[in-house]
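[1] Here you go, sequence then predicted model.
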Amino acid sequence: MTSIAARSLTGLVRIYQKVLSPLLGPRCRFYPSCSAYAVDAIRERGAATGVVLATYRVLRCNPWARGGVDFPPARGEAWPGWDGALDRPPPADPVGDAVAEPDLHHHR
């Protein structure tokens, strides 16, 4: 069961997704989008932690960020980007300088 605050915040994000997001077009450098991340974070971690995670994610979604696949961390997991890993270029493959593609189908 989610709190009234979590349901209210999720509702506000859903309104944004239905009304404003289509007007702005796709802009997010991450998958899932920042608004979908916010909904997941609020549902999984509650209103307070979810808002902090979503705010941190939006701050990381900037022209200098590499982006990529980034799901909200589960309880007990390290928050993404705390070590700066999302802002560094991916490591090169020593065999052919190829970089492994992210698994877009991974989700908890």
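    Everything's here; your move.
[2] Which neighbouring elements make contact with the top helix by length along the chain?
    The residue-count maximum for a helix in the chain (DSSP state H) belongs to helix 4-19. When contacts are defined as 3 or more C-beta pairs under 8 Å, 6 or more residues apart in numbering; DSSP states H and E, helix 4-19 packs onto helix 34-45, helix 47-60. Every C-beta, even on glycine, is put in place using the N, C-alpha and C of the backbone.
[3] Mind listing residues that contact the longest one?
    When you say that, I think you mean helix 47-60. Helix 47-60 is contacted by residues 3, 5-6, 9, 30, 34, 37-38, 41-45, 70, 72-73, 79, 81, 86-87 when judged by C-beta atoms under 8 Å, 6 or more residues apart in numbering.
[4] Buried subset of those as a PyMOL selection?
    Of the contacts of helix 47-60, the buried ones go into a single PyMOL selection, burial set by 16 or more other C-beta atoms under 10 Å:
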select buried, resi 6+9+30+34+37+38+41+42+43+44+45+70+72+73+86
